[in-house]
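# fold the following and give me the result.
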Amino acid sequence: MHGGGMMRFGRLDASKDVKLSKGLVKRVFKFAKPYRAQIFVAMIAILIASLMSAAGPRIIKDMIDLAIRPEHSVPAAVRLERLNRYVILFILLAVGGAVMGLVMRWLLSKIGEGLIFDLRSALFDHVQRMPIAFFTRTQTGALISRLNNDVIGAQRAVTETTAGLLQVLSDLVFTLAFMFTLSWKLTFLSLAVVPLFVLPTRRMGKSLQKLVKRQMEYNASMNTQMTERFQIGGALLVKLFGDYKSESAGFSEKAGNVRDLGVKTALVGRMFFVSFSLVAAAGTALVYWYGGKSAIHGLLPVGTVVAFSLYLTRLYAPITGLSNTPVEVRTALVSFDRVFEVLDFPSAIVEKSEAKVLTKATGAINFDGVWFRYPHGSEVSIASLEEGRVDAPVDLDSWVLKNVSFSVEPGQMFALVGPSGAGKTTISMLVPRLYDAVEGKVTIDGVDVKDLTLTSLGATVGVVTQDAHMFHDTIRANLMYARPDATEEQMVEAAKAAQIYNLIASLPEEFDTMVGERGYRLSGGEKQRLAIARLLLKNPAIMILDEATAHLDSESEVLIQRALAEALSGRSSLVIAHRLSTIVKADQILVVDGGKIVEQGTHAQLLAAGGLYEELYRTQFQTGDRPAFDGAEALLGGGSEAPAES
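The predicted structure follows:
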């Protein structure tokens, strides 16, 4: 009990100066409603266990006064019979209390783990429905902390904190009731030292608050360094640019601060325990003095004094626990508040209740007067998940896309080219609804993407980015993520079409080969081809390729171009590339600059026009991109349209 009391102070800072949401307590009980029957039974078990435990010293009192040292001359046989009866009763109470304790622990565990499951499932489901903008701003570690630490803290509000409060109250009530039946004078004398418990609780509690708050801050800093350095990207950066000694020194400094504060916290906690023990000892001594004197004068039975000494330990510990209960409850509720903060945050991308299911899409894409600006942080993220940073007010003139209009017929390939930051990727992100247009609309087969179900839209549009992500799993699992019901033959066919099957077949474990963290065991070209195979397995009507061949060597690009030729065949597509060699045979090329489509036409038409496209083309050609360009033209079935003077 004493240890639990000290540990409670370790969480005080979590609730300090935090304003809880209105109606939070009512909502917590509503969330726990499915477990109300189990909670009720657990509470009954707690009350019965407390009553049985409190009856123990009373049995010992009668055992001493009526069996071991009776006031009048009682035959030894009768005394022995009484002793046996009291011992059996004492054992039965102990066994009954233990059984009730097990029932209580089993039920509380079921309730607690059930709440953790419910909260985590709800959070995971809600978070994965958030728009991509949410993840571009949110700190992953802070979000994971909500699903781990705060969820566990939240269930404590229903199980440990509520059950602990009931147990403390029941222990206190039953103990005082038994004490009053024995001697009201000794009971009041025992309560005389209670105010002294408040002093160490308040003074040392404040010290522990400050120490634990600083310790948590240092822990967070230490954990952040470990998380960043142990991820594959961070580990690679350290090896390429970092200094092991300085990294170790920085970590040692943070870990040292945690160590030093841990020692101070333990010392202050021990001082609190010692103070509590001294006050309890003073109360016990006072009861023994008065009770012993009364027993000597024949005013009080010896058994009563012994029983009181046992009851004192049951009295002072609950009183200390009660002094911490408001903080304990508030701290637990803070965790619930933080969980609800995420659950209540609305997604910027919402599926309408009457959304349509897009079936057998032809792949016709239309942008009709689309204007777009990126949302303010408060619209797509939670300040507490990004270290409380607040964006500057949105500039109403900061349009990323300005009145963009174009149409892609089924099976056509449209290429998007232009300077960095022109808005090419933003255009592509509006098709699968990673973002929503602010004005105007984007349609697929004549239906506004905002009117489609997200599932059917996701099945219709496939995307391959410059850095295709792979889960730390097998090649098979990464491929089948796009189509869980795919057969082995379909998987092999997709791998062959993506020019990656020969590599997979040469591996000892073939499709069951682990790709490593983010696919780092694969080369850039291999990962891209695997991503294309995954897309082919999905078989969408629309494909978006965002810099799919950037930063690749010529050999890898040729293989990927072959895979792309297969992937784009018969499908509508938007292709983004800085390397113009990848899109020379597009049906239409859209030249984007400053958020506007400034030129549109075929490769030959745009070269002849002598505008921005021609400038981009000449600039890239002069950098020595001719081999990749020639290969792309050959693979895409052309080359005759390149001007002779090139």
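
# assumed V442 was part of a strand.
Yes: V442 forms part of a strand when assessed by DSSP: H, G, I helix; E, B strand; the rest coil.

# give the contact list for it.
Contacts for V442 (C-beta atoms under 8 Å, 6 or more residues apart in numbering) come out as I365, N366, F367, D368, V370, L430, V431, D448, V449. Quick note: C-beta positions are derived from backbone N, CA and C, even for glycine.

# could you redo the last one with a cut-off of 6 Å?
V442 is in contact with F367, L430, V449, counting by C-beta atoms under 6 Å, 6 or more residues apart in numbering.

# pick the one among the residues you listed closest to G601.
F367 (16.8 Å; C-beta to C-beta).

# rewinding a little: of the contacts of V442, which belong to strands?
F367 (DSSP state E).

# of the contacts of V442, just say which sits nearest to H603.
F367 (21.2 Å).

# and that closest one, how far is that from P419?
20 Å (C-beta to C-beta, to the nearest Å).

# between these two, which one's more packed in?
The neighbour comparison of F367 against P419 (other C-beta atoms under 10 Å) goes to F367, with 22 against 15.

# contact partners for that one?
Contacts of F367 (C-beta under 6 Å, 6+ apart): V404, S405, F406, V442.

# kindly report the same for L172.
P318 are the contacts of L172 under C-beta under 6 Å, 6+ apart.

# quick revisit: which one of the contacts of V442 is nearest to S248?
Nearest to S248 among the contacts of V442, with distances taken as C-beta to C-beta, is L430, at 46.5 Å.

# give me the pLDDT for that closest one.
For L430, the model assigns a pLDDT of 92.

# mind checking how far the closest residue to it other than its chain neighbours is from V350?
Spatial nearest neighbour of L430, excluding adjacent residues (C-beta to C-beta, 6 or more residues apart in numbering): V442 at 5.0 Å. Between V442 and V350 the distance, using C-beta to C-beta, works out to 16 Å.

# and the residue nearest in space to the middle of the chain, what element?
Geometric centre of the chain, nearest residue: I144, 2.6 Å, by C-alpha atoms, centre = their mean. Per DSSP states H and E, I144 falls inside helix 140-145.

# tell me which other helices or strands the helix or strand following that helix touches.
Next in sequence after helix 140-145, counting helices and strands by DSSP H and E, comes helix 151-158. The contact analysis (3 or more C-beta pairs under 6 Å, 6 or more residues apart in numbering; DSSP states H and E) places helix 151-158 against helix 76-128, helix 302-344.

# nearest to A477, of the ones you listed?
Nearest to A477, of these and by C-beta to C-beta, is helix 76-128 at 17.8 Å.

# can you tell me the average pLDDT over the closest one?
87.

# so how far is that helix off the chain centroid?
32 Å (C-alpha atoms, centre = their mean, to the nearest Å).

# got the angle for that helix vs helix 151-158?
Helix 76-128 and helix 151-158 are oriented at 140 degrees to each other (axes from the mean of the first three to the mean of the last three C-alpha atoms, to 10 degrees).
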